[in-house]
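# Structure here, sequence nowhere to be found:
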């Protein structure tokens, strides 16, 4: 297979089908734009399996993702997409850079509604924070990304609450196919989110590596083990949500209702319905 992209922790290969790629999750963990790197055994497979489960769950509720199948423990067959050069971060609680760059916040402080931020996808420039006006200057309409991120957040919060985890924040990447369709891409794993055990600040994410506070592999494996019933047990039923109260909470998010009406028809699901 021809290698197309060598990332920090994943490698993308072409396949026999022009519109599909194979992504291999490597046994690497990286922080601070690649300045800090280690090679923990089995980490790639664990992140791949977690991502596969979450992509499948999101697909079940109508969110388009690049995921097709996972032919091996550490590889993922995906639709080929052109990655949009912005990263979208959703923050449910205060942690990480938002505390460093904002006065008056305390770690763990609840954001209700959650905060949606855009960052330039450019390691050489330090992935700077972008205003919505700057996103538009790049020729990118932020509305579909805001809507999709809010909907993904709603689903991920439900999933992680069911397994005793608090979703603090997470980063998403999106891509478009040759017809312009918008897909959730990259990965969804503890490498790209913060997860704390509900009722505590016990961490199950890459902050363990960033802060040198423990081994990420047992923590990631714990997340995988808790998520596994979603894949293995067809009788699994998520916690029933109060959809009316959730709709009211989500619609408080600045710009959500307007964006929902203006966004493309490709955003086919609606919160609370």
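Okay, I see it. If you're wondering where the values come from, they're calculated on a predicted model, not measured in any experiment.

# Let me know the helix or strand that the residue lying closest to residue 142 once chain neighbours are set aside is in.
What sits nearest to residue 142 in space, not counting adjacent residues and going by C-beta to C-beta, 6 or more residues apart in numbering, is residue 135, at 4.7 Å. In this view, the C-beta of every residue, glycine as well, is placed from N, C-alpha and C. Residue 135 belongs to helix 132-137 when assigned by DSSP states H and E.

# who touches that helix?
Identification of contacts with helix 132-137 by C-beta atoms under 8 Å, 6 or more residues apart in numbering yields 86, 118, 142.

# Now neighbour count and distance to residue 124 too, for these, in CSV please.
What follows is those, written out as CSV (neighbours: other C-beta atoms under 10 Å; distance: C-beta to C-beta, whole Å):
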residue, neighbour count, distance to residue 124
86, 22, 15
118, 22, 18
142, 23, 23
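
# Go through these and flag which are in strands.
With DSSP state E as the criterion, strands contain 86, 118 from among the contacts of helix 132-137.

# Could you pull out the helices in the chain for me?
Along the chain, the stretches classed as helices by DSSP state H are 43-60, 97-100, 132-137, 143-162, 207-210, 216-232, 243-250, 256-262.

# weakest of those helices in terms of mean pLDDT?
Confidence, taken as mean pLDDT, is least for helix 243-250 of those (a mean of 54).

# Out of the helices of the chain, the one nearest residue 13 is which?
Taking C-beta to C-beta, helix 43-60 is the member of these nearest to residue 13, at 14.0 Å.

# Tell me what the residue nearest to residue 157 when sequence neighbours are not counted is bridged to.
What sits nearest to residue 157 in space, not counting adjacent residues and going by C-beta to C-beta, 6+ apart, is residue 167, at 5.2 Å. With DSSP bridges as the criterion, the beta-bridge partners of residue 167 are residue 195.

# Check the gap between residue 167 and residue 92 for me.
6 Å (C-beta to C-beta, to the nearest Å).

# what sits in contact with each of those two?
Both residue 167 and residue 92 are contacted by 153, 157, under the criterion C-beta under 8 Å, 6+ apart.

# still on that earlier bit, with pLDDT and distance to residue 176 as new columns, can the contacts of helix 132-137 be given to me in TSV?
Shown next, in TSV, are those (pLDDT from 0 to 100; distance: C-beta to C-beta, whole Å):
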residue	pLDDT	distance to residue 176
86	97	12
118	98	16
142	96	14
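
# from the contacts of helix 132-137, which is closest to residue 97?
When the contacts of helix 132-137 are compared for distance to residue 97 (C-beta to C-beta), residue 118 wins out at 13.5 Å.

# I'd like to check which residues are in contact with that closest one.
For residue 118, the contacting residues are 86, 87, 88, 89, 129, 130, 131, 132, 134, 135, 142, 145, by C-beta under 8 Å, 6+ apart.

# Same question for residue 83.
121, 173, 174, 175, 185, 186.

# does it have beta-bridge partners, and which?
With DSSP bridges as the rule, residue 83 is bridged to residue 175.

# try residue 65
Going by DSSP bridges, residue 65 is paired in beta bridges with residue 184.

# contacting residues for the residue nearest to residue 19 when sequence neighbours are not counted?
Once flanking residues are discounted, residue 19 sits nearest to residue 80: 5.2 Å by C-beta to C-beta, 6+ apart. Neighbouring residues of residue 80 by C-beta under 8 Å, 6+ apart: 18, 19, 20, 21, 66, 177.

# Max pairwise distance over those: which two?
Across the contacts of residue 80, the longest distance by C-beta to C-beta is 14.7 Å; it joins 18 and 66.

# Who has more neighbours out of these two?
Counted by other C-beta atoms under 10 Å, residue 18 and residue 66 do not tie: residue 66 has more neighbours, with 23 against 9.

# Could you find the closest non-adjacent residue to residue 42?
residue 217 (6.1 Å).

# you'd agree the one you found is up against residue 43?
Yes: the criterion here is C-beta atoms under 8 Å, and residue 217 meets it with residue 43 at 5.6 Å.

# I appreciate the help and will end here.
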